[in-house]
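Q: Requesting a structural model of the entry that follows:
(2 chains)
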Amino acid sequence: MNALALRVEAVAAGRARRRRRGLAFAGLVALLAIVSAHTVLVVDTDWARMGSLGAVMKSVARFLAVDFSLIPQLWEPVLETFMMACIGTLVGAILCIPVIWLGALNVTPSRWIGYPFGRFLMTMSRSIHEIVWALIFVSAVGLGSLAGILALAMRSIGFIAKITAEAIENVDPKPIEAIKAVGGSKLQVLRYGIMPQVLPVVLGTIIFEWDINIRRSAIMGLVGAGGLGLTFHRQMVMFNWPGVTTVILAILVLIVIGEIASHYVRKAVT
Amino acid sequence: MAILDVSDLSVRYAGTGREVLRGVSFSVDAHEFVAIIGPSGAGKSTLIRCINRLVEPRGGRIVLYGEDVAQMPRSKLRETRRTIGMIFQEFNLVNRMSVMDNVLSGRLGYVGTLPSVFKLFPKADIRRALEILDRVGLSDHVDKRADRLSGGQRQRVGIARALMQDPKLLLVDEPTSSLDPKISREVMGLIRGIAREFDVPVLCNIHDVQLATEFATKIIGLQDGIKIFEGPTAALDRQKLDEIYAMEVL
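A: Here you go, the predicted structure:
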């Protein structure tokens, strides 16, 4: 009986300790949130310039109109945005191949140099934002859609390569054994043993990436890399607020079309 | 005259260092159907996989048509592998490819790498594939995807792929473990039939003693990595069988 009472005490004490620790952690998070809010919102915001709540609402309301006269001028940038996404994805998918070869553990030519390098390229591609990639390429190849295409391609490599490399690593080894047994070369093992197994995943991922690239493509123009973003920027600096809304609506329509297309094409390949 | 002469074969697993095969010697003659029997874990699959070096032996000789497979450099090994047909327990087909493509892949050792990337095979190979598919009874399934077939049909595709190699030796790894008893007997009959027609010796590992004695001309008994019986099927009596399966039959 005494032993049980001791155990009750021990369990209760443990629970109390965990509860105190939880409360302390919650307090810390709350403190961090308050400090952040204070430095970012209270100190950094120009409250005087913002004016009253009515003024804010009035500023937002300026966007609540559509400039239909802009529509004829939108066809070209819409098409350009769409094509930038297509070509960027395609170039990215091609550039992926050597990265996948390096970064898939079971096909990499060297485990200690090639594999980490391949993985590093994948991470680098994804951790640099598409706008940053665009800035890099605008300074490298100049203004226009070429810079946008290259930026999208670089940004696409990481995701496609990572998913594909993982699919290759998880491939069923049995068909590979069979191709080796008939005297197949390394390339034939890749073509007959591995490729048929990963192809649906790869195609699905490329289409998914294309869908995302339409969104990215629409903002490339903000830094001068072509497409609808440029039109958006121009309307903005001309203070043509309804025009800005028109461009946003065009982007929305394009994205919805891309999403629908991506849904059906993905269904067809997988 | 022995077609395959294995002597003092030993294998050790890289990871654990455990010896899987210890000094196994045997031979396969022309026209022979050799069955390797023994309890699970005896090393039957490893033994079969050593012959075409899907598993690397640690020591011993594997002399096939006068050449030692165990000592071959990689480039020569590919040439030898294409003359050894292999049939697998789980068929090892490429599921997303058609029956025709699976059967044609038996020719990969013979066609150039570049044409094979585009699945370009000579017309003669396609003709041969159709003949073989007729022989194994799959003429109605040529363009179906491999994963649309039943187990027995898939094993027939595996057999057809091995035949496409014009094999000088057939390695068969537990061909019936994934099949029901009736289909198992059919598949074993088919393997024996084609072995006779194409005049290829067969080395087959099989855990089902009933099937082994029914189809094989010679039996090799393996226990714990050591060969404890080799002789014609008729010489395998109850007592020998008890020895091979010592732990299980008692």
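
Q: Those residues of the stretch 51-200 of chain A touching chain B, which are they?
A: For the stretch 51-200 of chain A, the residues in contact with chain B (Cβ under 8 Å from any Cβ of the partner chain) are A:174-175, A:177-185, A:187-188, A:191-193, A:196-197, A:199-200. Every residue, glycine included, has its C-beta placed from N, CA and C.

Q: Narrow these to those that are buried.
A: Using 16 or more other Cβ atoms under 10 Å in any protein chain shown as the burial test, these include A:174-175, A:177-185, A:188, A:191-193, A:196-197 as buried.

Q: Next, count neighbours for the residue in the stretch 1-150 of chain A that chain B sits nearest to.
A: Nearest residue of the stretch 1-150 of chain A to chain B: A:I97, at 13.5 Å (Cβ to the nearest Cβ). By other Cβ atoms under 10 Å in any protein chain shown, 13 other residues sit near A:I97.

Q: Equivalent analysis for A:V66, please.
A: 14.

Q: so it sits in a helix?
A: No. Assessed with DSSP: H, G, I helix; E, B strand; the rest coil, A:V66 is coil; it does not lie in a helix.

Q: who touches it in this structure?
A: Residues near A:V66 by Cβ atoms under 8 Å, 6 or more residues apart in numbering or on different chains: A:242, A:245-246, A:249.

Q: Can you report phi and psi for it?
A: phi -120, psi 130 (degrees, to the nearest 10).

Q: for B:V172, same thing?
A: The phi/psi pair for B:V172 (degrees, to the nearest 10) reads phi -130, psi 120.

Q: Check B:L236 too.
A: Dihedral angles (degrees, to the nearest 10) for B:L236: phi -80, psi 100.

Q: Spell out which parts of chain B neighbour chain A.
A: Counting by Cβ under 8 Å from any Cβ, the residues of chain B close to chain A are B:52, B:54, B:78-82, B:84-86, B:88, B:90-97, B:105-110, B:113, B:116-117, B:158, B:161, B:165, B:171.

Q: Now residue 129: closest residue in space that isn't a chain neighbour?
A: Picking chain A for this. Once flanking residues are discounted, A:H129 sits nearest to A:R155: 8.0 Å by Cβ to Cβ, 6 or more residues apart in numbering or on different chains.

Q: actually chain B
A: Excluding its sequence neighbours, the residue lying closest to B:A129 (Cβ to Cβ, 6+ apart) is B:V103, at 4.6 Å.

Q: What separation is there between the one you found and chain A?
A: 11 Å (Cβ to the nearest Cβ, to the nearest Å).

Q: Please give the element, helix or strand, for that residue.
A: Assigning secondary structure by DSSP states H and E places B:V103 in helix B:99-104.

Q: Am I right that A:Q197 sits in a helix?
A: Yes. The assignment for A:Q197 by three-state DSSP puts it in a helix.

Q: what about stretch B:23-41, start to end distance?
A: Terminal residues of stretch B:23-41 lie 16 Å apart, using Cα to Cα, to the nearest Å.

Q: Tell me which residues of that stretch come out buried.
A: Residues of stretch B:23-41 classed as buried: B:24, B:26-28, B:32-39 (neighbour count, 16+ other Cβ under 10 Å).

Q: Is it possible to get a markdown table of these that adds secondary structure and pLDDT?
A: As requested, these are arranged in a markdown table below (DSSP: H, G, I helix; E, B strand; the rest coil; pLDDT from 0 to 100):
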| residue | secondary structure | pLDDT |
| --- | --- | --- |
| B:V24 | strand | 93 |
| B:F26 | strand | 95 |
| B:S27 | strand | 94 |
| B:V28 | strand | 95 |
| B:E32 | coil | 94 |
| B:F33 | strand | 95 |
| B:V34 | strand | 96 |
| B:A35 | strand | 95 |
| B:I36 | strand | 95 |
| B:I37 | strand | 93 |
| B:G38 | coil | 90 |
| B:P39 | coil | 89 |
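
Q: Could you pull up the residues touching the closest residue to chain A within chain B?
A: Closest approach between chain B and chain A, counting by Cβ to the nearest Cβ: B:G109, at 2.8 Å. By Cβ under 8 Å, 6+ apart, B:G109 lies in contact with A:182-184, B:78-79, B:81-82, B:165.

Q: Can you pull the phi and psi angles for it?
A: Backbone torsions of B:G109, given as degrees, to the nearest 10, read phi -70, psi -20.

Q: for B:G112, same thing?
A: In terms of degrees, to the nearest 10, the main-chain angles of B:G112 are phi -70, psi 150.

Q: biggest helix in chain B by residues?
A: helix B:181-197 (DSSP state H).

Q: Centre of the chain to the helix or strand harbouring A:A134, how far?
A: Element membership of A:A134 [criterion: DSSP H and E] is helix A:130-141. Helix A:130-141 has its average C-alpha position 16 Å from the chain's average C-alpha position, going by Cα atoms, centre = their mean, to the nearest Å.

Q: This completes my enquiry, with thanks.
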